[in-house]
Each structure stands twice: as structure tokens, then as C-alpha cells.
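Student: all I have is the shape, not the residue letters:
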DNA sequence: CAAAGAATATGACACAATGTCAATAAGGTA
DNA sequence: TACCTTATTGACATTGTGTCATATTCTTTG
């Protein structure tokens, strides 16, 4: 019913071109990193005309954003995990699990995340995308802290927003460390340790 | 005795040129940020010949590194503060003070730190400089944690390296938030809150 | 099915910025 | 003064970007 012209031969070719370019872009981003990746190189490798790339995408940034969509989606999913523990133990368990999932993402998508990290430092648009993800997490954690405080599980005198940020920040920095493959300990141990300090620091 | 030719008119002129360029570079970095700052613009504003800039500095990075040296020095000083608390209370106090000093740096040097943050994302050399500072802090904190553990002040079952990193990471991220002027709460409250969670989480 | 029309693709071009280098200027020395 | 050393210079080659008028390819219409 919708998109009546989707079966077009033309439109199809257009899609193929776009797809080919994305594919090649990914390869080159992974090989070169965001900074060093060069559009003209992608164009050559994709065997399309120079201007064609600019018909489909505004530039490097635009290309990467599309390539990252999948990963960003996954982050949002993790951020949305619900949190209604009945007990201290259950809370500890849930928090630990979330930290683990978050850090595992770094490992699973390490290569693209490396490109992403570079891009965050360079492109405003991409940096904003990450900020949105971060905000989502912080809001989520903030709610969790409030919930725990209201249910007498956590120290009520602490500013939940500040606590939430601090906790997320630790997680985020470890995320990048794992992305860069600079971590010494296992993800499990990292998650376990930071959760433990956070948990004992916040919960009663 | 040393540098016998330092009084030279020639050498002096060279120093003046270098100085002038640095001065202008700072202005332009502050106006434009690292990314957008353009060497040719600096050269024009400094009223020197194009090639001259490259005699004195290898490029943008090199210029910024020199401009940052003072600030980096200050970070090293903070990192070197000694830590030998006799009691839990004293420990809490020292840690809070350090976190405060660290975050205050962000505020005091906000403008150059903004440039620095951008540059970290772009230039490997500068990123390495920051990594060195970070490592210094983490080593320092790590030692402090071990000290506290050995003196029966802190939970001995925790991996001190992981704890130290986690704690520094929270501080660092707040540092950047303050640099970007995105913080809502006062520095004192931030330091107070994160210290409190860390402290109660780690200490007995 | 031919001609008109619409969507895509193309690459030459204009621009912006970088770093190098052979030539030049200026200061110091004997 | 003549010669050596150090510092400065800007034209040039290079690399990459994004745009736009033109060409190609497909679809529709009479």
C-alpha cells in the first residue's frame, strides 16, 4: 500500500549503490579509524562516481551514524531494563547484571566502538548522539536510585542525580578502556568490583 | 656559563617570533577550538612568514602541547599529594579535598581545558599526554587504597587497581562535565557526594 | 513504441588547508 | 669588508572536500 514505487528498477539500483557504499565505508572505517578514513578512498573501492556518494550521504559523519544505528539501538535497550528490587540482595544482583551487559557491549562491538570513540572526539553530531545515550542511562539510573531511596534500601541523604552520574561515569570509562583493549582484568571482575563499591557506598 | 649565545640579537628575535606565535595561537585556539583552529590564520595574525611557523613548531598539536604544559604541571602536582591518614575520618577528609582540588582545576582552566578535551579526541600525541596524567593519578590512588587496606581501614577483598580506576574515572568524567559547563550542582556538592559513595563503599 | 519527463549517477572544478624547501635576509665574526 | 651562521620567507606540491552542470538510465504517457 505505502511506498508504491519501491519495486522500481531505478530505486533498486539506488539502494544497491547506497548499500555498497555503506559496506565499503565500514571496511575502511575499521581499517583506518574515523579520522584517517577518506571518502574518496571509499568511493574508489565501491566503484561508484565521486559525486554519487554525496547524493546518498552528507559526508563521513553521516555514513558513520548510519553504521552505528544498530549499536546505538542496543545501548538503548540495555538502558531500558527495568529495576524494581524487593531486597538489597536483589538490587545488588540487578545492578551487577546491568554493568556486565553494558561492558560486554564494548567487547562484542569493539571494532566499531573504536571508530565511534574517535568520532565522538571529532564530530559534534556524533558526540551528541553519544550524549543522548549517556543521558538516557543517567536518567534511568537516577530513577533506580530514587526508587531504592524511597523503599528504604539506599542512603536518602545523597543527591540521586549526582550519584547516578558518578556511577554511570565509572561504567562508561571502563567501557572505553575495554574498547581500547587496555583492560587487565576480566569484564566480570571489573563489573563485580565497581558494583561492589557502588553498592556498599549507596545502599544501607 | 651555559647557553653562551643567549644574548644574541638573532636568538632574541627568534624567541620573540616564537612567543608571538604562541600568544596568537592561544587566542585562536580559545576562539575556535582545536579542530577548527587553522595554522594559516595564526600565522597571518602573528604577522610572520608562513614557513616560519613550521620552523618553531611541527604543527597545531605541537603548539597546543606547549600551551598546555603549565596546566599539565598542575595536574601532576595534585596527583602527587601524599596520603597517610591515621583514621577513617582523616581519610575521608583527604579524599574529599583531593577530589575538590581536581575538579576546581576544571573550573579554573575551563577555556584551555575545553580546547584540550577536543584535542584529546583528535591527536594521538595529546591523547597520550592525558593518558600519562591519568595513569599517574590511578597509580597514586592505587597506592592509597593499598595503604588503607593494609591499615585495616578499607575492605581488603577488593582489587585495589580496579577500585582506583573506578574512582578516578568518576572524577575525570565530572571534570569534563565541569569543563563543558554542563554541571548543575556546585563543585563542592559534587565532590562531597562522589567522595561519600566511594568512601562508604570502600572503607570499613 | 517513441518522446518527454523524472530520478540517479558522474567527474571536473573550485576551495581550503597542510607541510616543504630553495632562496633570501639579517646578524655575528674575524 | 667579506664570509659564515641562523632565521625567515612565500611559492609550490599535495591531499582532501563538497558542489554542480551534464549525462545516463529508467518510467510514463500519448
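Tutor: Happy to help now that I have it. These numbers come from a predicted model, not from an experiment.

Student: so how far is residue A:184 from residue A:66?
Tutor: The span separating residue A:66 from residue A:184 equals 35 Å under the rule Cβ to Cβ, to the nearest Å. C-beta here means a position set from N, CA and C on the backbone, and glycine is covered the same way.

Student: go on, residue A:79?
Tutor: 27 Å.

Student: comparing the two, which residue is more hemmed in?
Tutor: residue A:79 (19 against 11; other Cβ atoms under 10 Å in any protein chain shown).

Student: what's the burial count for the closest residue to residue A:100 other than its chain neighbours?
Tutor: For residue A:100, ignoring the flanking residues on the chain, the nearest one in space by Cβ to Cβ, 6 or more residues apart in numbering or on different chains is residue A:191 at 4.4 Å. Using other Cβ under 10 Å, residue A:191 has 24 neighbouring residues.

Student: residue A:191 contacts residue A:99, correct?
Tutor: Yes: at 4.2 Å, residue A:191 and residue A:99 qualify as touching, with contact defined as Cβ atoms under 8 Å.

Student: which strand or helix spans residue A:83?
Tutor: Mapping residue A:83 onto the secondary structure by DSSP states H and E places it in no helix or strand at all.

Student: how many neighbours does it have?
Tutor: By the measure other Cβ under 10 Å, the count of residues near residue A:83 is 16.

Student: likewise residue A:119?
Tutor: The criterion is other Cβ under 10 Å. On that basis, residue A:119 has 25 neighbouring residues.

Student: which positions in chain A make contact with chain B?
Tutor: Contacts of chain A with chain B, taken as Cβ under 8 Å from any Cβ of the partner chain, map to A:35, A:118, A:120-122, A:155, A:158-159, A:161-163, A:165-167, A:169-170, A:172-174, A:177, A:184-185, A:189-190, A:193-194, A:196-202.

Student: okay, now the domains of chain A?
Tutor: In the domain annotation for chain A, the residue ranges read A:9-57, A:68-202 (automatic domain parsing).

Student: next, format those domains as a markdown table and append mean pLDDT and distance to residue B:18.
Tutor: Written out in a markdown table, the entries for these read as follows (pLDDT from 0 to 100; distance: least, Cβ to Cβ, whole Å):
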| stretch | mean pLDDT | distance to residue B:18 |
| --- | --- | --- |
| domain A:9-57 | 96 | 28 |
| domain A:68-202 | 96 | 28 |
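
Student: for DNA strand C, find the nearest of the ones you listed.
Tutor: Of all these, domain A:9-57 sits nearest to DNA strand C, with 1.5 Å by Cβ to the nearest atom of the strand.

Student: hmm, the closest one in reach of DNA strand D?
Tutor: Yes: Domain A:9-57 is in contact with DNA strand D by Cβ under 7 Å from any atom of the strand, via A:9-10, A:13, A:38-40, A:50-51, A:54.

Student: contact residues of chain A facing DNA strand D?
Tutor: For chain A, the residues found near DNA strand D under the criterion Cβ under 7 Å from any atom of the strand are A:5, A:8-10, A:13, A:38-40, A:50-51, A:54, A:59-60.

Student: just give me the closest of those to residue A:145.
Tutor: For those, the minimum distance to residue A:145 (Cβ to Cβ) is 38.4 Å, reached by residue A:60.

Student: how close does the nearest residue to that closest one once chain neighbours are set aside get to residue B:151?
Tutor: Setting aside the residues directly before and after it, residue A:60 is nearest to residue A:39 in space (Cβ to Cβ, 6+ apart), at 6.1 Å. Remark: distance between residue A:39 and residue B:151 (Cβ to Cβ) = 58 Å.

Student: equivalent analysis for residue A:162, please.
Tutor: Distance, residue A:162 to residue B:151, by Cβ to Cβ: 29 Å.

Student: more neighbours: which of these two?
Tutor: Set residue A:162 next to residue B:151 and count neighbours by other Cβ under 10 Å: residue A:162 wins out with 23 against 13.

Student: is it true that that one touches residue B:186?
Tutor: No: with contact defined as Cβ under 8 Å, residue A:162 does not reach residue B:186; the gap is 10.5 Å.
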